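Peer 1: Below is the structure, and that's it, no one-letter string:
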């Protein structure tokens, strides 16, 4: 009934709701990666961290009954993977991109291994806040059921923006990313700064994973993340390492990713898989438009191997 | 001083084993075997510990892994069958690596190669099998080749990072494959598992006589040897390695880096595309989602473990083919999840990368000058 009255408006509404729901993992991973990359390292392993986070959050939530403990566990797992990445990368002549690929494989493998018994049971899920109580339209109410993690993510973005600009901590990270020599000359250990930055990045990416298993789609299975982690890493590049732009880009991506299911809900099923690939195509398109072979990207940390 | 030097030269002449130059000359080669070998042993030890924590006996694990991979003629054949696509997808990472590029999209090229090969076979129904097979090889190689050339071109002409673009292209390739097998190319008879129509039993490439190993293994071996010759014994390969070592030097001596990148990426993609063609023409007989079995991703590991050397890829691919062949046995006998192979691969990868730090640092291999 409501379907009929809304007609094709269901699609933009579902895309809007999807933008909020689907964007959260993108948001957390990209903010995390933003911190790591600002310190001069790239962690491609966040795809694995995301899946590990999703699995551990689901497991802990199932065992303890508290989804928030699950979120915390996901963050800790992510930080652990971040520490592993930073630890290996601090060895001489080890390539951070390759280590990222390795941890992507290890993280996914480990999550599938340990998560095998978790496919059946149902864990306690994260609650949502109902912002749509004033409306009678069920679709609008569904779109406005917003998870707390999303709000936290939205709050972290400006906080990070401010921290990079004005705090000593932000300055240290940026110094390590722009010139390791300068940071060393100031008497700081670049490896230590990067270790912390990668661990915080992993922590956030793990939380992004917990959103996947504990809120939307809200269960644990092996197809939970298909490239959201890597898309988020690419997103940081065209967000020019700016946390606020990461926020807007994540929302755009969430919307793109919600397009397929939204169209399916109004009966347009042909090309479903192609619409599902929309975020990847969008990432690629934006990278093609914004990158240039002639100059390094504005805002790129000078120490980053991906831009050299 | 002079007499001492003369004496040592004489001693070296008398006893070649004590030749002080031996380690200097071969130290580097020994390192290339010893260090990845040690990394492998370390990874196996850690994985054993992990399995012990899981409540299984690591010794059983090692036994079943060996048995399932190389213990019987049957397991050898299983191993070699899996090694064939791994050799080809590893080349997809190893060839661009000569130019200093990190391409991890072999899985995408494999899928596109499989789709192209299947399309060619379906378009040529009724033609002589040999014609169909040749058309499949060509279509698979061109399809996969163009797919990776896309990443190479984006890197060269738009400055887009090739690692990320090639991985994004994997997901796009998978979406295209799913779209086609569930839509335009779907065989209406395939109900549970949407697939294309079958290419026909006559067009399958069959097995090497006397074995159950399909001809894909020979394709892989030939491709690896050809890649080795191309890189180490031709001017083209030399130019590629120069460009990989120092891009400015390459430009100064007048090498066309863009052309090198595009050609190498095409060759890399076409070998992964060939893997896709083989999986269709020797195993599946049609295209469906089964093709995304992760050969492309394991190929990345093979390439890194082989230190991007096409010849070394062959034994490494057999080794990792063996590990994945033993996965079924580990599942049945030890009750381990099928993801254990992925975990082991991940651990090996981490160890191999960390072991990069050891090169040139092992005291006794340096030799005394």
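Peer 2: Yep, that arrived. As the structure is a computational prediction, the values presented were derived from the model and not from experiment.
Peer 1: So, low pLDDT: which residues of the stretch 101-250 of chain B?
Peer 2: Within the stretch 101-250 of chain B, not a single segment meets pLDDT under 70.
Peer 1: Residues of it that sit close to chain A?
Peer 2: By Cβ under 8 Å from any Cβ of the partner chain, the part of the stretch 101-250 of chain B that sits against chain A consists of B:102, B:104, B:154, B:156-161, B:163-165, B:167-172, B:174-176, B:178-179, B:182-183. All C-beta spots, glycine's among them, are computed from the backbone N, C-alpha and C.
Peer 1: The residue of the stretch 101-250 of chain B found nearest chain A: neighbour count?
Peer 2: Residue nearest to chain A within the stretch 101-250 of chain B: residue B:175 (3.4 Å; Cβ to the nearest Cβ). The criterion is other Cβ atoms under 10 Å in any protein chain shown. On that basis, residue B:175 has 23 neighbouring residues.
Peer 1: Leaving out chain neighbours, which residue sits closest to it?
Peer 2: The shortest distance from residue B:175 to any residue that is not its chain neighbour, by Cβ to Cβ, 6 or more residues apart in numbering or on different chains, is 3.4 Å, and that residue is residue A:277.
Peer 1: Torsion angles phi and psi at the one you found?
Peer 2: The phi and psi values for residue A:277, taken as degrees, to the nearest 10, are phi -80, psi 0.
Peer 1: if we can go back for a sec, so the residue of the stretch 101-250 of chain B closest to chain A, which state does it fall into?
Peer 2: Residue B:175 falls in the helix class when you classify it by DSSP: H, G, I helix; E, B strand; the rest coil.
Peer 1: quick one: low-confidence ranges for the stretch 151-300 of chain A?
Peer 2: Counting by pLDDT under 70, the ranges of the stretch 151-300 of chain A that qualify are A:295-297.
Peer 1: How about the residues of it by chain B?
Peer 2: For the stretch 151-300 of chain A, the contact set with chain B under Cβ under 8 Å from any Cβ comprises A:226-227, A:230-231, A:233-234, A:237, A:270-274, A:276-277, A:280-281, A:283-284, A:287-288, A:291-294.
Peer 1: Could I have the buried ones of those residues as ChimeraX selection syntax?
Peer 2: Here is the ChimeraX command that picks out the buried ones among those, judged by 16 or more other Cβ atoms under 10 Å in any protein chain shown:
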select /A:226,227,230,231,233,234,237,272,273,274,276,277,280,281,283,284,287,291
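Peer 1: Narrow the residues of the stretch 151-300 of chain A next to chain B to those in helices?
Peer 2: A:230-231, A:233-234, A:237, A:272-274, A:276, A:280-281, A:283-284, A:287-288 (DSSP state H).
Peer 1: how much does the helix or strand harbouring residue B:149 deviate in direction from helix A:278-290?
Peer 2: Element membership of residue B:149 [criterion: DSSP states H and E] is helix B:129-158. For helix B:129-158 and helix A:278-290, the angle between their directions (axes from the mean of the first three to the mean of the last three Cα atoms, to 10 degrees) works out to 50 degrees.
Peer 1: Tell me how far helix B:129-158 lies from the chain's centre.
Peer 2: A distance of 17 Å separates the C-alpha centroid of helix B:129-158 from that of its chain, computed with Cα atoms, centre = their mean, to the nearest Å.
Peer 1: Same question for stretch B:239-247.
Peer 2: Using Cα atoms, centre = their mean, the distance from the centre of stretch B:239-247 to the centre of the chain it belongs to is 22 Å.
Peer 1: What residues of it count as buried?
Peer 2: Within stretch B:239-247, the residues that qualify as buried are B:239-240, B:242-244, counting by 16+ other Cβ under 10 Å.
Peer 1: ok, back up a step: out of the residues of the stretch 101-250 of chain B next to chain A, which end up buried?
Peer 2: Applying 16+ other Cβ under 10 Å to these, the neighbour count classes B:102, B:104, B:154, B:156, B:159-161, B:163-165, B:167-172, B:174-176, B:178-179, B:182 as buried.
Peer 1: one step back: greatest separation within the ones in helices among the residues of the stretch 151-300 of chain A next to chain B: which pair is it?
Peer 2: Pairwise distances across these (Cβ to Cβ) peak at 28.5 Å, for the pair A:237 and A:272.
Peer 1: tell me, what residue is most central in chain B?
Peer 2: By Cα atoms, centre = their mean, the mean C-alpha position of chain B lies nearest to residue B:90, the distance being 1.9 Å.
Peer 1: Report the separation between it and chain A.
Peer 2: Taking Cβ to the nearest Cβ, to the nearest Å as the measure, residue B:90 falls 13 Å from chain A.
Peer 1: can you pull out the strands in the stretch 1-150 of chain A?
Peer 2: Along the stretch 1-150 of chain A, the stretches classed as strands by DSSP state E, counting those that start in this stretch are A:128-130, A:145-147.
Peer 1: Of these, which is nearest chain B?
Peer 2: Among these, strand A:145-147 comes nearest to chain B, with 25.0 Å by Cβ to the nearest Cβ.
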